[in-house]
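**Student:** next comes the sequence, and after it the predicted model I'd like to discuss.
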Amino acid sequence: MGSGGALEVAGLVKRYGSRTAVDGLDLSVPHGTVTAVLGPNGAGKTTTVETCEGYRRPDAGTVRVLGLDPVAQASRLRPRIGVMLQSGGVYSGARAEEMLAHMAGLYANPLPVDSLVGTLGLESCGRTPYRRLSGGQQQRLSLAMAVVGRPELVFLDEPTAGLDPQARRATWELVRALRSDGVTVVLTTHHMDEAEELADDVVIIDDGRIVAGGSPDELCRGGAENSLRFTGRPGLDLASLLKALPDNSAAAELVPGGYRVTGTVDPQLLATVTSWCAQNGVMPDRISVERRTLEDVFLELTGKELRS
Ligand code: ATP
């Protein structure tokens, strides 16, 4: 296990009775980065994050958050991290502004509450009891409470679930601002676009294990889904095209006159295809490079849709 990351998880196992929710998970999150944890329902994301937050004790393996054990050294760690839970865990009669002010009061150097309220569009609901807030407002209040103490590391569990597009965008802006302030952010999400927009690193969990990790770009690069498509006259001699292409390539006519070339799609491949077209009197009237998306990668690895 690396020792310098803001979050270091090694060989984490967490069971509920006979069910193994997290099954030997390793994760290293560098300081000042945003890491998105993706996975289908029941993959073990929340269990992993809650164990990192110190709410659950590992059955095996180790977790270090800012170098500290989140259970044994909780009192030292708590003032340095922010936690946004999926479901409030708050007294439902408390007013939004009181809750936020109370939370701010627990920290030595909190963010100005007013500006946070403005950023997250919570101005109109300061005096509303928590239970009367809409789901989206509760969500934004939880986010505000997680970050008001200027944490060094913040855990956000599905921060934009159920938010309207405007609130979602405001949340994204806040995450970006945290990152530019050097805060480490670990977020779980079901939204691929969110991971692509925000994350330096993406970790895909399935059945309690990490099945892939890397930057969104790294994850989307390579693989059979990266393809070059072009249109030309139907019935081109694909055997001849294949001879011109590198060994790991494949070519297919998907519909009459619609061709797909897969393999290592790089500038060289594009040049080879266009030059083959030129030599064969083919004018490709549409040519495009299609990258696989995180959604494609996710489906490939887990065989599951993100949302069930
Ligand atoms: P989701 O996307 O649905 O929130 P998740 O990836 O966060 O899912 P977890 O909530 O960590 O997944 O659940 C992992 C597995 O552990 C699931 O099979 C779930 O049913 C089980 N599980 C979670 N919490 C408990 C619990 N308190 N008691 C028993 N089983 C649990």
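**Tutor:** On my side now, so go ahead.
**Student:** ok, Val22 to Ala43 distance?
**Tutor:** If you measure Val22 against Ala43 using Cβ to Cβ, to the nearest Å, the figure is 9 Å. Glycine gets a C-beta too; all of them are placed from N, C-alpha and C.
**Student:** higher neighbour count, the two?
**Tutor:** Using other Cβ atoms under 10 Å, the more surrounded residue of Val22 and Ala43 is Val22, with 26 against 23.
**Student:** what score does Asp200 have for pLDDT?
**Tutor:** On the pLDDT scale, Asp200 is placed at 96.
**Student:** please renumber so the chain begins at 51
**Tutor:** That works, and once the first residue is 51, the last one we named lands at Asp250.
**Student:** doesn't Thr85 make contact with it?
**Tutor:** Yes: at 6.9 Å, Asp250 and Thr85 qualify as touching, with contact defined as Cβ atoms under 8 Å.
**Student:** which of those two has more residues huddled nearby?
**Tutor:** Between Asp250 and Thr85, counted using other Cβ under 10 Å, Thr85 has the larger neighbour count: 24 against 16.
**Student:** wait, doesn't that one sit right on Leu248?
**Tutor:** No: between Thr85 and Leu248 there is no contact under Cβ under 8 Å: 9.6 Å.
**Student:** identify the contacts common to these two.
**Tutor:** When contacts are counted by Cβ atoms under 8 Å, 6 or more residues apart in numbering, Thr85 and Leu248 are jointly contacted by Val235, Leu237.
**Student:** anything in contact with each of Val72 and Ala93?
**Tutor:** Gly258.
**Student:** so what's the residue nearest to Ser192 when sequence neighbours are not counted up against?
**Tutor:** The spatial neighbour of Ser192 that comes closest, neighbours along the chain excluded (Cβ to Cβ, 6 or more residues apart in numbering), is Met134 at 4.9 Å. If a contact means Cβ under 8 Å, 6+ apart, then Met134 has Ser192, Leu193, Met195, Ala196, Val204, Phe205, Leu206, Asp207, Pro209 as its contacts.
**Student:** which residues does Met134 bridge with?
**Tutor:** With DSSP bridges applied, Met134 shows beta-bridge pairing to Leu206.
**Student:** tell me how far it lies from Val252.
**Tutor:** Counting by Cβ to Cβ, the gap from Met134 to Val252 is 19 Å.
**Student:** what of Arg218?
**Tutor:** Remark: distance between Arg218 and Val252 (Cβ to Cβ) = 18 Å.
**Student:** of these two, give the one with the bigger neighbour count.
**Tutor:** When neighbours are counted by other Cβ under 10 Å, Val252 comes out ahead of the other of Arg218 and Val252, with 27 against 20.
**Student:** helix, strand or coil for the more buried one?
**Tutor:** For Val252, the secondary structure call by DSSP: H, G, I helix; E, B strand; the rest coil comes out as strand.
**Student:** that one reaches Gly264, doesn't it?
**Tutor:** Yes: with contact defined as Cβ under 8 Å, Val252 reaches Gly264; the gap is 6.8 Å.
**Student:** strands of the stretch 151-300 of the chain, start to end?
**Tutor:** Under the criterion DSSP state E, counting those that start in this stretch, the stretch 151-300 of the chain carries strands at the ranges 203-207, 234-239, 251-256, 259-264, 277-281, 300-305.
**Student:** out of these, which comes closest to Ala321?
**Tutor:** Set against Ala321 and scored by Cβ to Cβ, these come closest in strand 277-281, at 10.9 Å.
**Student:** which residues are in contact with Asp207?
**Tutor:** Taking Cβ under 8 Å, 6+ apart as the criterion, Asp207 is in contact with Lys95, Thr96, Val99, Met134, Leu135, Gln136, Leu237, Thr238.
**Student:** now the residue nearest the centre of the chain: how far from the ligand?
**Tutor:** Among the residues of the chain, Ala86 comes closest to the average C-alpha position under Cα atoms, centre = their mean, at 2.6 Å. In this structure, Ala86 and the ligand are separated by 13 Å, where distance is defined by Cβ to the nearest ligand atom, to the nearest Å.
**Student:** for that residue, give me its contacts.
**Tutor:** Each residue near Ala86 by Cβ under 8 Å, 6+ apart is listed here: Leu237, Thr238, Thr239, Glu244, Ala245, Leu248, Ala249, Asp251, Val252, Val253.
**Student:** can you give me the neighbour number for whatever residue of the stretch 251-358 of the chain ends up closest to the ligand?
**Tutor:** For the stretch 251-358 of the chain and the ligand, the shortest gap (Cβ to the nearest ligand atom) falls at Ile255, measuring 6.6 Å. When neighbours are counted by other Cβ under 10 Å, Ile255 registers 25.
**Student:** that'll do, ta.
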